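Asker: Fold the following for me, if possible:
(chains A and B)
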Amino acid sequence: MSKELIRLKNVSVAFEDAVILDNLNIYFNDKEFLTLLGPSGCGKTTTLRIIGGFLTPTSGDVLFDGVRINDVPPHKRQVNTVFQKYALFPHLNVFENVAFGLRIPKTDENGKKVKIPEKEITERVMEMLEVVNLKGFEKRSITSLSGGQQQRVAIARALVNRPKVLLLDEPLGALDMRLRKDMQNELKRIQQAMEITFIYVTHDQEEALAMSDTVVVMDGGKIQQIGTPEDIYNEPKNAFVADFIGESNILDGIMHEDYVVEFFNRKFKCLDKGFAPMEPVDVVIRPEDIDIVAPEKGQLRGTVTSVTFKGVHYDTIVDFKGYKWLIQTTDYHAEGSVIGIILNPDDIHIMKKSEYSGMFGDYSSYSEEYDEIGDASVELDEEESEDEE
Amino acid sequence: MKKTNRTGSRLIMALVFIFLYAPIFLLIIFSFNAGDSSAVWKGFSLSWYGSLFKNRIIMESVYTTLLVSILATIIATVAGTFAAIGLYSLSRRWRDPLLTVNNIPMMNADIVTGVGLCLFFAAFFRFWGSFAVWFNSIQEVITLPTRLHLGFTTLLLAHIAFNIPYVILNVAPKLRQMDKNLVDAAKDLGCTWFMAFRKVILPEIKPGIVSGALIAFTMSIDDFVISYFTAGSSTSTLAMTIYGMTKKRITPEINAISTLLFVVVLVLLVIVNVKEAQQEKKAKRPVAVIAAEEVRKADRAEFFKARPWIKRTVTAVIVCAIGLSIISLSRATYGQPVVNVCSWGEYIDPELITMFEEQTGIRVNYQTAESNEALYSLLKSGGGDYDVIVPSDYMVARLIEEDMLEELDYSNIPNFELIDRRFRNLSYDPENKYTVPYAWGTVGIIYNTSLVEDEVHDFSVLYDEKYAGDVLLINNSRDAIGIALKHLGYSMNTTNEDEIREAYQLLVDATEKGVYQGKVMDEIYQKMEGGNAAISTYYAGDYLTMLENNEDLAFVVPERGSNWFVDSMCILKDSPHKAEAEAWINFIASTEASLMNMDYIWYASPNSEALEQYPEYYYELYEEELDPEIYNIMVAPAETLERCELYVNLPADILALYKELWIQLGI
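Answerer: As a prediction, the model looks like this:
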């Protein structure tokens, strides 16, 4: 499970003046499900294209099983890709799409072209169609399939070649919510059944947490954090990760000594240590970890300024001396009511100050923040596609 | 209120469509006319289609057109497709302006493209000429030709050039629609770029390529203007041949070939449109229907896949057919002795060309010029690599004067002995060193007896107020002023400026009185046959052709005299095919050829045997006596010729005066 398969060493990519990847170092283990997670333009797709061979890094090395493969063209790599929007061949039917890779003659060690016999092709294609639950669809054309079915064809088309690594570039982006959930399970099942490495690119943090063995959070062409989904969620390394993975209230704090942090002019017990005395830090408090109590029993007291019903819980914005927090609670507290909160030591997570400090985690303008994120990602999307041309 | 509006716009729509299609329907209907008029219906017949396929000149230009169109389409489609792919590999910043640049040649006037290409080729030929001279001078292994001509190659290049934008225009949208990741996906699955192109890009953009190719083919087939400027004088496309044939008059043969051309283009356009409509329809059908159909389609595909020989055989047959036809066409063009003839439209029995080719194995490349003057300027400009030309008397004199004709070796032309003495040693070639007469005739008055009550004896009717609006003035300064001179009793060849001005004044007065309906040449046929004009002046041979369609027409050579003419075959100086040219001249001068030609063109031959035998020949052919009156019109008797004058070549200043006066006359 932990054998290293691919390594990117000091990889950088720049288009004209724009730096897309900034000195990336990362390795991928055999048979793991690894997700590259980040907002549009963070460099995750570029990383995938480098592994796929569609892009040569400006500097740095790409190693596959310890061998440098920078100059190996895509068709000679033991890697297959499931593309954004699938990139299926519309002029071929389902069977022929899946068989496409098998029909390409391969060169063996002696430099001779080898063709896979038709019988074997049929067997392998049918087997793969069974894996992706598309038996009986062989003769259908691509255009008559639903989005989810097309997605499965794309996966089958890539997997039928028995690659060591499958690259998936936002493969579920075009599907609706329910279908996406089903496909997440499906993908995980396929990955385990085939026992190969999946490198998965997405900007959807829930998807990343649900499927991955390892999550790599990227931003600005740099890796922000690598870890298991639990690590990433519970122990974010900086404000960016904390904010990008789930909702977070991020406050300025001062570490007095090990296990003691001060914010809102009050000392709290926490589980973190190893900071310099009186070091300024970022304090992360997840909205769902906060317990609401009667005002007189709370460590802090605040006024509810807005309440939004979210189904399982209420998003409650509470004003503490001018700072607004997001609290997720199953109890309803009316707007204008005064509440108290209690923070247990394991509800508090301390992070070192970083370039992202002060940029995230303030809910003073709750709805507007959502809008900004939306706009920003659209802009970045366009830039990215333009650069790739 | 609304309703009337709608009726009004529908009426306009109906009129628009009638206006658009009526001419074409008329043309199609008259292509089935048993008679040879474009104005009078004489019953249904397919004879014009029959004679079309026997017409060597037409069939040859059909071959040329098909060959050029097919080759140009194939080359332009390949080049255009790769160019489009190249365009799409550029960033948007470059691609969009380049696509606009691609569109400009399509919107550009054909005439500009044509003249531009013509100039370009001329410039290249000059450059090539000096390069070849230099290259030949520095080594002796390879001898490059120093003189290049416009011809098939330039025609083909021009067609390729104007076809490429259409291919790009059709392929580009398909590339734009194509998912950019498709190529990456193919590479990812093991393809090299070229394999990805073949297996993915090509099938994806195929509809664009096919419609691009069809449009290119259509454009090629019916192009006239660009071909006209780039084909040179020895190659002729169908459109050019049709244009050449209309010089004289629109024969039902032209209607027939135009009908076929219309049908071919129509079929191509229908194919393009149906294909597009099918694609759109497919996009709108319910998924279940498509799915069922696809299963059937896949089954069918499997059937053929299991039997690869079917596809291979069909491909092989098509390739062989195309290959063989190209080879047979090119065999017809190359390696065979050839003679390039330039004559006038409708001035030969096409059967004669076939006969000559069968007898001698020499290929005849038969072209036509518009007029003596057009031929002269073509020769002067260095175009027209002809061997044999058939200019009229005065033009012969001019060409001899300018040393443009080759002396003939009459020992190779024994049939010259058959030429009547009357037509030898005429003023334009007094020692008869350069010419063998081809045909001769008189100019006279043609009038419609049902519209003109008086007996017509002389040219005065051309200047008479009584026939205001009914007279057609011949659109040629030499003839119009010459006839006026004759009417005034002067020589047609006078160099006396006062006499010429007096004759001119006659025309001006008549014009002011509104006598003339217009200045016409070949429209004379339609106008006179249809009874739209009452009086005109034209050639006797043409009158006889008109008479077949309108029995009311009469012809008279005025008592005060008129013009007579002799068209003679000559060989151009330095002709590379002199022996073949002399063989052709000898053949045409033979009695058999002269008889056939006389019967076909209704112009008199100079062959004395033929002149004598014609009435008998006519009787055998049609089983009826030839009206002696008609014979006398075709073969003007000696007393008529005595009243008439041949044109001589006028001095330059007099020619300039003619030109100036003619422009002043207007009309």
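
Asker: Find the closest residue to chain B in the stretch 201-350 of chain A.
Answerer: Nearest to chain B in the stretch 201-350 of chain A, going by CB to the nearest CB, is residue A:201, at a distance of 13.5 Å. Yep, even glycine has a C-beta here, placed from its N, CA and C like the rest.

Asker: what's the strand or helix carrying that residue in contact with?
Answerer: Assignment of secondary structure by DSSP states H and E places residue A:201 within strand A:197-202. Strand A:197-202 is contacted by residues A:5-6, A:28-37, A:44-45, A:47-48, A:51, A:164-173, A:187, A:191, A:208, A:211-212 when judged by CB atoms under 8 Å, 6 or more residues apart in numbering or on different chains.

Asker: Who does it pair with, and is each partner parallel or antiparallel?
Answerer: Note on strand A:197-202: by DSSP bridges, its sheet partners are strand A:33-37 (parallel), strand A:165-169 (parallel).

Asker: just how off-centre is that strand within its chain?
Answerer: 9 Å (CA atoms, centre = their mean, to the nearest Å).

Asker: do stretch B:197-214 as well
Answerer: On CA atoms, centre = their mean, the centre of stretch B:197-214 falls 36 Å from that of its chain.

Asker: same check, this time on stretch B:493-500
Answerer: 37 Å.

Asker: ditto for stretch B:55-75
Answerer: Counting by CA atoms, centre = their mean, stretch B:55-75 comes out at 14 Å from the chain centroid.

Asker: Equivalent analysis for stretch A:187-198, please.
Answerer: 17 Å.

Asker: show me what contacts residue B:272?
Answerer: Contacts of residue B:272 by CB under 8 Å, 6+ apart are B:211, B:214, B:215.

Asker: hmm, back to that, what's the burial count for the residue of the stretch 201-350 of chain A closest to chain B?
Answerer: When neighbours are defined as other CB atoms under 10 Å in any protein chain shown, residue A:201 has 27 of them.

Asker: Sketch out the low-pLDDT regions of the chain for me.
Answerer: Here I'm looking at chain A. A:1-2, A:364-389 (pLDDT under 70).

Asker: not quite, I wanted chain B
Answerer: B:1-4, B:37-39, B:247-250, B:282-291, B:294, B:325-335, B:382-384, B:667.

Asker: what residues does it put near chain A?
Answerer: Residues of chain B lying near chain A by CB under 8 Å from any CB of the partner chain: B:91-92, B:179, B:181-182, B:184-192, B:195, B:199-200, B:203-204, B:206, B:287, B:290-291, B:294-295, B:298-299.

Asker: Would you show me how to pick out the buried ones of those in ChimeraX?
Answerer: Of these, the buried ones can be selected in ChimeraX as follows, counting by 16 or more other CB atoms under 10 Å in any protein chain shown:
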select /B:179,181,182,184,185,186,187,188,189,190,191,195,199,200,204,290,294,298
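
Asker: those strands in the stretch 1-150 of chain A, which residues are they?
Answerer: A:4-15, A:18-29, A:33-37, A:59-64, A:67-68, A:79-82, A:106-107, A:113-114 (DSSP state E, counting those that start in this stretch).

Asker: tell me which parts of the stretch 101-250 of chain A are close to chain B?
Answerer: Residues of the stretch 101-250 of chain A lying close to chain B (CB under 8 Å from any CB) are A:101, A:104, A:106, A:138, A:139, A:140, A:141, A:143, A:144, A:157, A:158, A:161.

Asker: Out of the residues you listed, which end up buried?
Answerer: Those of these that meet the buried threshold are A:101, A:104, A:138, A:139, A:140, A:141, A:144, A:157, A:158, A:161, by 16+ other CB under 10 Å.

Asker: tell me the two of the residues you listed that are most distant?
Answerer: The largest separation in those, counting by CB to CB, is between A:104 and A:144 at 25.5 Å.

Asker: among the residues of chain B next to chain A, which are in strands?
Answerer: Judged by DSSP state E, strands contain none of the residues of chain B next to chain A.

Asker: Mind naming the longest strand for chain B?
Answerer: strand B:436-448.

Asker: which residues touch stretch B:627-642?
Answerer: Contacting residues not belonging to stretch B:627-642 are listed as B:422, B:441-442, B:444, B:540-541, B:543-544, B:547, B:555, B:557, B:564, B:598, B:602-604, B:611, B:614-615, B:644 [CB under 8 Å, 6+ apart].

Asker: Okay, buried residues for it please.
Answerer: B:630, B:631, B:633, B:634, B:635, B:636, B:640, B:641.

Asker: same check, this time on stretch A:159-169
Answerer: A:159, A:160, A:161, A:163, A:164, A:165, A:166, A:167, A:168, A:169.

Asker: Check stretch A:284-297 too.
Answerer: A:284, A:285, A:286, A:287, A:289, A:290, A:292.

Asker: Quick one: those as CSV, columns for secondary structure and distance to chain B too.
Answerer: Formatted as CSV, these follow (DSSP: H, G, I helix; E, B strand; the rest coil; distance: CB to the nearest CB, whole Å):
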residue, secondary structure, distance to chain B
A:284, strand, 38
A:285, strand, 42
A:286, coil, 38
A:287, helix, 39
A:289, helix, 42
A:290, coil, 45
A:292, strand, 49
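
Asker: Tell me the one among the residues you listed nearest to residue B:239.
Answerer: residue A:287 (80.0 Å).

Asker: one step back: point out the ones among the contacts of stretch B:627-642 that are inside helices.
Answerer: Counting by DSSP state H, the contacts of stretch B:627-642 place B:540, B:541, B:543, B:544, B:547, B:598, B:611, B:614, B:615 in helices.

Asker: Check these and tell me the two furthest apart.
Answerer: So, the ones in helices among the contacts of stretch B:627-642 by CB to CB: farthest apart are B:547 and B:611, at 19.8 Å.

Asker: Would you map out the domains in chain B?
Answerer: Following automatic domain parsing, one finds the domains of chain B at B:66-250, B:287-334, B:338-439+B:565-630, B:440-564+B:650-665.

Asker: Dump those domains to TSV, plus distance to residue A:94.
Answerer: Below are the domains of chain B laid out as TSV (distance: least, CB to CB, whole Å):
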stretch	distance to residue A:94
domain B:66-250	15
domain B:287-334	9
domain B:338-439+B:565-630	59
domain B:440-564+B:650-665	66
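
Asker: picking that back up, which among the buried residues of stretch B:627-642 gets closest to residue B:402?
Answerer: residue B:641 (28.3 Å).

Asker: Restrict whichever helix or strand the closest one is part of to CA atoms and write it as CSV.
Answerer: Using DSSP H and E, residue B:641 maps to helix B:638-643. Extracted C-alpha coordinates of helix B:638-643, given in CSV (Å, rounded to 0.1, in the frame of the first residue of the first chain):
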residue,chain,number,x,y,z
ALA,B,638,-20.8,36.8,-109.9
GLU,B,639,-23.0,39.8,-110.7
THR,B,640,-23.8,40.3,-107.0
LEU,B,641,-20.2,40.0,-106.0
GLU,B,642,-19.2,42.6,-108.6
ARG,B,643,-21.3,45.2,-106.8
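
Asker: Just give me how far that helix sits from the chain centre.
Answerer: Helix B:638-643 has its C-alpha centroid displaced from the chain centroid by 36 Å (CA atoms, centre = their mean).

Asker: Then stretch A:335-345?
Answerer: That offset, for stretch A:335-345, works out to 32 Å (CA atoms, centre = their mean).

Asker: tell me which residues of it are tucked away?
Answerer: For stretch A:335-345, using 16+ other CB under 10 Å, the buried residues are A:339, A:340, A:341, A:343.

Asker: Ramachandran angles for the first one?
Answerer: Backbone dihedrals for residue A:339, given as degrees, to the nearest 10, come out at phi -130, psi 160.

Asker: again with the second one
Answerer: In terms of degrees, to the nearest 10, the main-chain angles of residue A:340 are phi -120, psi 160.

Asker: That one and residue A:291 touch, don't they?
Answerer: No - Residue A:340 lies out of contact with residue A:291 (CB atoms under 8 Å); the separation is 9.3 Å.
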